[in-house]
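Chemist: quick one: sequence and predicted model below, then my questions.
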Amino acid sequence: MIKDVGKVKDIAKRFDVPSRMGTHGIGHTRFATESGVDRYHAHPYQSYIIPDITVVHNGQITNYWKIRDPLERKGHVFESFNDTECIVHYMADKLNQGYKLEEALDQAVIDLDGPFSILVGTPDGIGIAKDKLGLRPGVMVETDEIFAIASEEMALHDVTDSDEIEQIAPGETRAYTI
Amino acid sequence: MTEYVIDAKDMTEKELNRTIKEQAPSHDKLIINNPESRHNICAGLIEDVNIEINGSAGYFVGTMVDGPNIHINGNAGWFAGDNMTEGELIIEGTAGDGAGQGLYGGTVVVKGNTGSRTGEIMKGGTVIIGGNSGYMTGLLMMGGKLIILGDVTDDVGESIMRGTIYVLGSVKSLGKNAMIDEITAEDQEDLKEVLTKYGFKLSDEDYKDFKKIVNIQ
């Protein structure tokens, strides 16, 4: 996981991102509306119970404390007041209980309030969930070679020439495994 | 007919819109290549000029325009044609949420599917969606015509005050204050006129099948 403050191109160069190989990944450029602007508040957030669960998020979780309190009682250690960290602990907790990724995402749509589009990265897949009212954007493209999900089409064209853009619907969840 | 070609590849949004506004008064048509999903293309344009965008546009394409005919050979992001007062915005592909939001006049045509809240708070004009439309289509609508040729999901016409929503496909559920009214011969003629103008070919039976959604009186 790479987190830092600066321009995307500069950070990609600093950490030699283009040379990294893999099957899937998630990324995020943060325009902070709350909490600190430093590498600790940058996305992705990672679970310390299941280290390979990561989350990036666009939106706000308005029932943050209602979600955080029971997780803390269970032993999840929060290191910031950023609502995205709350989502990663929530997802880790559900997966730890035996939920499949798609089931955990479906439950997240029920339990989390506020506007959000979230991407969850696991060792063998990626999941997306969008809030019930669809207040944050989410588009995707799927071809024989790749699937890609982003906030807007501009980002998808960095990885595909396809114009077959699909809108993620309000309350929709999807999970892809390799 | 005079044409002017703009290559947007290395332009910022401001540079692109400045160029559009500088060139529009002296040309009949502007062709914009490599838009690369930039936001706010043609924002606030008030010239009667034809604009062809070859590629996809980002958020708020054609926002607050008065007069231009904009044709996008690609997709559009959220809020295409937001607050348009006059002109045409034709999108060959799909559009994101809020297409035709707050429309006062003119016509927005999306040939493919749209996201949620299509035509929300529109006050006039016409919005045509060739495909499906998402959650709360016609939210808080105050006027105008919203025509959907595909299916719509939940809460169509949520809190609609005035205006009319026509749906040819299925309606999953109506929103508060929305009801289905009987479609008249006059409605069918109006639909035929506007849909034929924009190249949609429907049978006479199709026009009878439109569901007309209005506010509860």
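Modeler: Sure, I can see it.
Chemist: next SSE downstream of the top helix by length along chain A?
Modeler: In chain A, assigned by DSSP state H, the helix with the most residues is helix A:83-96. Per DSSP states H and E, the first helix or strand lying C-terminal to helix A:83-96 is helix A:101-111.
Chemist: that following helix near chain B at all?
Modeler: No - using CB under 8 Å from any CB of the partner chain, helix A:101-111 never reaches chain B; the gap is at least 13.2 Å. Quick note: C-beta positions are derived from backbone N, CA and C, even for glycine.
Chemist: give me the pLDDT value at the residue of chain A found nearest chain B.
Modeler: Closest approach of chain A to chain B (CB to the nearest CB) occurs at residue A:154, with a separation of 3.7 Å. Residue A:154 is assigned a predicted lDDT (pLDDT) of 89.
Chemist: okay, now it: neighbour count?
Modeler: 19 (other CB atoms under 10 Å in any protein chain shown).
Chemist: A helix includes it, no?
Modeler: Yes - remark: residue A:154 belongs to a helix, assigned using DSSP: H, G, I helix; E, B strand; the rest coil.
Chemist: what about residue A:71, distance to residue B:216?
Modeler: Distance of residue A:71 to residue B:216, computed by CB to CB, to the nearest Å: 45 Å.
Chemist: report the central residue of chain B.
Modeler: residue B:108 (2.5 Å; CA atoms, centre = their mean).
Chemist: contact partners for the residue of chain A closest to chain B?
Modeler: Contact analysis of residue A:154 by CB atoms under 8 Å, 6 or more residues apart in numbering or on different chains lists B:36, B:37, B:38, B:58.
Chemist: surely the third one touches residue B:59?
Modeler: No - the criterion here is CB atoms under 8 Å, and residue B:38 misses it with residue B:59 at 9.2 Å.
Chemist: list the buried residues in the strand or helix carrying residue B:196.
Modeler: Per DSSP H and E: residue B:196 is located in helix B:185-197. Judged by neighbour count using 16 or more other CB atoms under 10 Å in any protein chain shown, the buried positions of helix B:185-197 are B:187, B:188, B:190, B:191, B:194, B:195.
Chemist: need the residues you listed in JSON lines (columns: distance to residue A:178).
Modeler: Formatted as JSON lines, the buried residues of helix B:185-197 follow (distance: CB to CB, whole Å):
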{"residue": "B:187", "distance to residue A:178": "52"}
{"residue": "B:188", "distance to residue A:178": "52"}
{"residue": "B:190", "distance to residue A:178": "52"}
{"residue": "B:191", "distance to residue A:178": "48"}
{"residue": "B:194", "distance to residue A:178": "48"}
{"residue": "B:195", "distance to residue A:178": "45"}
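Chemist: which of these lies closest to chain A?
Modeler: Looking across the buried residues of helix B:185-197 and measuring by CB to the nearest CB, the closest to chain A is residue B:195, at 23.2 Å.
Chemist: need the pLDDT of residue B:118.
Modeler: 98.
Chemist: can you name the residues that contact it?
Modeler: Taking CB under 8 Å, 6+ apart as the test, what residue B:118 contacts is B:97, B:98, B:99, B:100, B:127, B:129, B:133, B:134, B:137, B:138, B:146, B:148.
Chemist: how much space between the fourth one and chain A?
Modeler: Between residue B:100 and chain A the computed distance is 15 Å (CB to the nearest CB, to the nearest Å).
Chemist: near chain B, which residues of chain A are found?
Modeler: A:133-134, A:137, A:139, A:152-154, A:157, A:163, A:165-167, A:169-170.
Chemist: please compute how far stretch B:175-187 lies from its chain's middle.
Modeler: 21 Å (CA atoms, centre = their mean, to the nearest Å).
Chemist: list the contacts of the one helix or strand residue A:118 maps to.
Modeler: Here residue A:118 sits within strand A:116-122, counting by DSSP H and E. For strand A:116-122, contacts defined as CB under 8 Å, 6+ apart pick out A:24-26, A:28, A:44, A:52-61, A:87, A:91, A:95, A:101, A:104-105, A:108, A:126-131, A:135-138, A:149, A:151, A:168.
Chemist: each with direction, which strands does it pair with?
Modeler: strand A:54-59 (antiparallel), strand A:125-130 (antiparallel) (DSSP bridges).
Chemist: only alpha carbons, please: show the last one as CSV.
Modeler: Listed next in CSV are the C-alpha coordinates belonging to strand A:125-130 (Å, rounded to 0.1, in the frame of the first residue of the first chain):
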residue,chain,number,x,y,z
GLY,A,125,-10.8,-9.4,-5.6
ILE,A,126,-12.4,-6.0,-5.7
GLY,A,127,-15.9,-4.9,-4.5
ILE,A,128,-17.9,-1.7,-5.0
ALA,A,129,-20.9,-0.3,-3.1
LYS,A,130,-22.9,2.8,-3.6
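Chemist: so what's residue A:106 closest to, chain neighbours aside?
Modeler: Among residues not flanking residue A:106 along the chain, residue A:173 sits closest, at 5.3 Å (CB to CB, 6 or more residues apart in numbering or on different chains).
Chemist: surely that neighbour meets residue A:109?
Modeler: Yes - A contact is recorded between residue A:173 and residue A:109 when judged using CB under 8 Å, the distance being 6.2 Å.
Chemist: neighbour-wise, which of the two wins?
Modeler: residue A:173 (21 against 17).
Chemist: is that one in a bridge, and if so with what?
Modeler: Beta-bridge pairing of residue A:173 under DSSP bridges involves residue A:129.
Chemist: and the host helix or strand of residue B:164, what does it pack onto?
Modeler: Assigned by DSSP H and E, residue B:164 belongs to strand B:162-167. Packing partners of strand B:162-167 (3 or more CB pairs under 8 Å, 6 or more residues apart in numbering or on different chains; DSSP states H and E): strand B:142-148, helix B:185-197, strand B:211-215.
Chemist: show me the one of these that comes nearest residue B:5.
Modeler: helix B:185-197 (27.6 Å; CB to CB).
Chemist: could you give me the average pLDDT of the closest one?
Modeler: 97.
Chemist: not counting its neighbours along the chain, what's nearest residue 63?
Modeler: Because you didn't say which chain, this covers chain A. Nearest one to residue A:63, counting by CB to CB, 6+ apart, is residue A:113 at 4.1 Å.
Chemist: ah, no, chain B please
Modeler: residue B:82 (4.2 Å).
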